[in-house]
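Visitor: sequence plus the predicted model coming up.
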Amino acid sequence: MQPQHPQPGWHPDPSKAPGRRYWDGRTWGPLAPDAPAAPEAPRPAPKKFSPWKVVTAVVGALIFMTVIGNALGDDKKPVFDFGGNGLDVEQTVDKEKHEAIGLCPICHKGQVHVLTRSFACENTIHTPKTCSFRVSKTILHREIPKEQVQKLITTGKTDLLHKFISRKGRPFSAYLKLENGKVGFEFEEKKPKSKKKIAAPKAAAA
Ligand SMILES: [Zn+2]
């Protein structure tokens, strides 16, 4: 007579015989002779194979990877190469060959030139390198037009550029923006939040 059914799994024999029986949720299996003298050794209980544990672990791992993936690889995290890796082939700027498109917004001394792979301040090329302004010609599979870089260096921001492709393959739109001497994304506003324009606080002060 069972007082209460245990969880499916290996359990001490209900009739106290040495050994264990497998309770499958409905019936007891045959006595397993694996534990002859029970209070013997601190031997870890025989591992029960629990499919649920495996499933839980796998699901956990997937969730973990998704979280990490989102943190590192999705649209809004700075894993992009804006051109700061110095991959360009030029060792010097040839003013004939590399068109100058405007004054560098970072050092305000060098001209930004169109190089093979990037738009870069001449002071990032010539040694000593005294500047870091460089924008890759291609960012996230999207070509960055010269005009937009000109706009960036004169106004601090490009137009809204479409069809960047995130690492997960999703297209998205963003502005390129200069912030603290670095190029970054500014994302398209989803919906203009009903801007609470607190009306005329100045009037109150007056
Ligand atoms: Zn510069």
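Guide: Cool, got the structure.
Visitor: is residue 172 located within a helix, as I assumed?
Guide: No - assignment of residue 172 by DSSP: H, G, I helix; E, B strand; the rest coil gives strand, placing it outside any helix.
Visitor: for it, list the residues it contacts.
Guide: Taking Cβ atoms under 8 Å, 6 or more residues apart in numbering as the criterion, residue 172 is in contact with 75, 164, 165, 166, 187, 188. Just so you know, the C-beta spots here come from the backbone N, C-alpha and C atoms, and that holds for glycine as well.
Visitor: would CSV of these with neighbour count, distance to residue 155 and secondary structure be doable?
Guide: Putting the contacts of residue 172 into CSV (neighbours: other Cβ atoms under 10 Å; distance: Cβ to Cβ, whole Å; DSSP: H, G, I helix; E, B strand; the rest coil) gives the following:
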residue, neighbour count, distance to residue 155, secondary structure
75, 19, 24, coil
164, 19, 20, strand
165, 14, 25, strand
166, 17, 25, coil
187, 13, 18, strand
188, 12, 17, coil
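Visitor: which of these lies closest to residue 124?
Guide: Nearest to residue 124 among the contacts of residue 172: residue 164, at 23.4 Å, using Cβ to Cβ.
Visitor: what sits against the closest one?
Guide: Residue 164 makes contacts with 139, 140, 141, 142, 171, 172, 173, 174, 185, as judged by Cβ under 8 Å, 6+ apart.
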